[in-house]
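S.K.: Based on what follows, work out the 3D shape:
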Amino acid sequence: MTPIAPHITAFFQQRLPLERGVSSHTSDSYAYAFKLLLEYASGRLHVPPSALYLEQIDAHLIVDFLNHLETARANHPSSRNVRLAAIKSFMHFMEFREPAAIDQIRRILAIPPKKAETRLVRHLTVEEIHALLNAPAPSGWDGLRDRAMLHLCFAAGLRVSELVGLQLKDLTLQPQASILVHGKGRRERCLPLWKVTTTALRAWLGVRGTLPAPEVFVGARGQSLTRSGFEYILAKHVEAAAKSCPSLAAKRVSPHVLRHTCALTVLQATKDLRKVSLWLGHAHMQTTEMYTRADPSVKLEALESMIAPKLRSGRFKATDKLIASLMSRSIMRSHSPSR
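M.R.: Purely as a prediction, here's the structure:
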C-alpha cells in the first residue's frame with residue numbers, strides 16, 4: 001500500500017511550482033480541490049486524510065466524489081470539471097512516481113469531463129454600470145478606494161485576483177497612464193487607462209499614504225485585500241446603486257460580471273474580437289468568442305447584410321372540414337335575403 005500524503009506534498013511543493021511553473025492562483029485552486037476530495041474520502045472510508053492510501057483513491061471513488069459535488073454541494077458542471085482537472089494533473093504526476101499503479105491511474109484519467117450548458121455571459125447595461133461606479137461616495141478614505149477599485153476593475157476588465165494583486169510598481173501615471181497586469185498562465189499585458197480612471201486612482205493614492213503593503217489597494221489596517229474582501233465591497237455598492245437603478249436588484253453582480261461588461265463594451269466599440277482577446281488576456285480566441293453570442297449588434301450586422309426572402313401573397317384557404325363548414329354557413333347567410 002502506498003501512502004498518498006507524501007506524494008501530494010511533493011505535487012504542491014515540486015511539481016506545480018518548479019516543474020510546471022503554475023501561478024499561485026492555480027496552486028490554490030488545486031489545493032482546494034484536494035481538500036474537498038480528501039475530506040470526502042476520509043468520511044467515506046472512516047480514516048484520517050493523512051492515513052489514506054493511493055490504492056483507495058480509485059476511479060469509482062473519484063466518480064462518486066464528482067457526483068457528490070453536484071448533488072450535496074450544488075456545484076455547476078464547470079466547477080466539477082475544474083476539480084477533475086486537478087485530480088488528473090496529480091495522476092499524471094503519479095504515473096512516473098508509482099508505475100505499479102498505472103492501471104488504476106489510467107482508469108482515473110479516462111473519466112470524461114461533464115458537458116456543461118453554454119449560457120450567455122451575464123453583464124450590466126450602460127445605466128447599471130454607471131450607477132455602480134457612482135455608488136461609492138468620494139469623500140472618505142474607503143470611498144475613494146472603492147471608487148478607484150470599481151473603475152479599474154471595469155475599465156481594465158481585470159480578474160479579481162489581478163485587481164487585488166496589482167502592485168504599486170505595476171502602475172504608471174506619466175506620461176500615459178497604464179497598468180502592467182500579471183494574468184493567468186504567467187501572461188503579462190499592459191493596458192492604458194481612461195482619464196476618469198486615472199483621476200480616481202490619483203485621488204486614492206493621495207490618501208493611501210506610505211504603507212508597507214506593496215499592493216495598490218489595501219484594507220483599513222494597511223493589509224492586502226483578499227478576494228472575499230473585494231466581493232464584500234462590491235456587494236455593498238451594488239445594494240446602494242440599486243436604489244437609483246432598480247434593475248440591479250434582480251441581478252447577481254460578481255467581480256467577473258464587471259469583466260464581462262468591459263469585454264462587451266470593447267467589442268461593441270471596436271467590432272474586433274482580437275482586440276477583446278488582447279484586452280482581457282485570453283490565451284485562446286475560442287474563449288473570447290462567447291462574447292459574440294451575447295452581443296446583439298453582431299447579429300444585426302449579419303441580418304442587415306442579408307436579403308430577406310419575400311413572402312408569397314394570397315388569401316387564406318381553409319383546409320380543415322370544420323372551418324370550411326363554418327365558412328360556408330357564413331357565406332350562405334350573407335347571401336340570404338333579409339327578413
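
S.K.: per-residue confidence for the residue nearest to residue 89 when sequence neighbours are not counted?
M.R.: With sequence-adjacent residues excluded and distances taken as Cβ to Cβ, 6 or more residues apart in numbering, residue 89 is closest to residue 30, at 6.9 Å. All C-beta spots, glycine's among them, are computed from the backbone N, C-alpha and C. In this model, residue 30 is scored at 93, pLDDT.

S.K.: what do you get for residue 66?
M.R.: 95.

S.K.: May I have stretch 70-87 as CSV, with CA atoms only?
M.R.: Below are the C-alpha coordinates for stretch 70-87, written out as CSV (Å, rounded to 0.1, in the frame of the first residue of the first chain):
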residue,chain,number,x,y,z
GLU,A,70,-23.1,18.3,-7.9
THR,A,71,-25.7,16.9,-5.5
ALA,A,72,-24.6,17.7,-2.0
ARG,A,73,-22.7,20.9,-2.8
ALA,A,74,-24.8,22.0,-5.7
ASN,A,75,-21.7,22.7,-7.9
HIS,A,76,-22.1,23.6,-11.5
PRO,A,77,-20.7,21.1,-14.1
SER,A,78,-17.9,23.5,-14.9
SER,A,79,-16.8,23.5,-11.2
ARG,A,80,-16.9,19.7,-11.3
ASN,A,81,-14.7,19.7,-14.3
VAL,A,82,-12.2,22.0,-12.6
ARG,A,83,-11.9,19.6,-9.7
LEU,A,84,-11.5,16.7,-12.1
ALA,A,85,-8.7,18.6,-14.0
ALA,A,86,-6.8,19.0,-10.7
ILE,A,87,-7.1,15.3,-9.9
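
S.K.: what about residue 16, distance to residue 89?
M.R.: Distance, residue 16 to residue 89, using Cβ to Cβ, to the nearest Å: 8 Å.

S.K.: again, but for residue 123
M.R.: 32 Å.

S.K.: Point me to the helix or strand that includes residue 275.
M.R.: Assigned by DSSP states H and E, residue 275 belongs to helix 273-280.

S.K.: now swap in residue 229 and tell me
M.R.: Using DSSP H and E, residue 229 sits within helix 227-241.

S.K.: That helix packs against which elements?
M.R.: When contacts are defined as 3 or more Cβ pairs under 8 Å, 6 or more residues apart in numbering; DSSP states H and E, helix 227-241 sits against helix 126-133, helix 141-156, helix 160-164, helix 255-270.

S.K.: Okay, buried residues for the last one please.
M.R.: Same thing as helix 255-270. Within helix 255-270, the residues that qualify as buried are 255-267, counting by 16 or more other Cβ atoms under 10 Å.

S.K.: before we move on, the earlier item: so which of residue 16 and residue 89 has more stuff around it?
M.R.: A count of neighbours by other Cβ atoms under 10 Å puts residue 16 above the other of residue 16 and residue 89, at 21 against 17.
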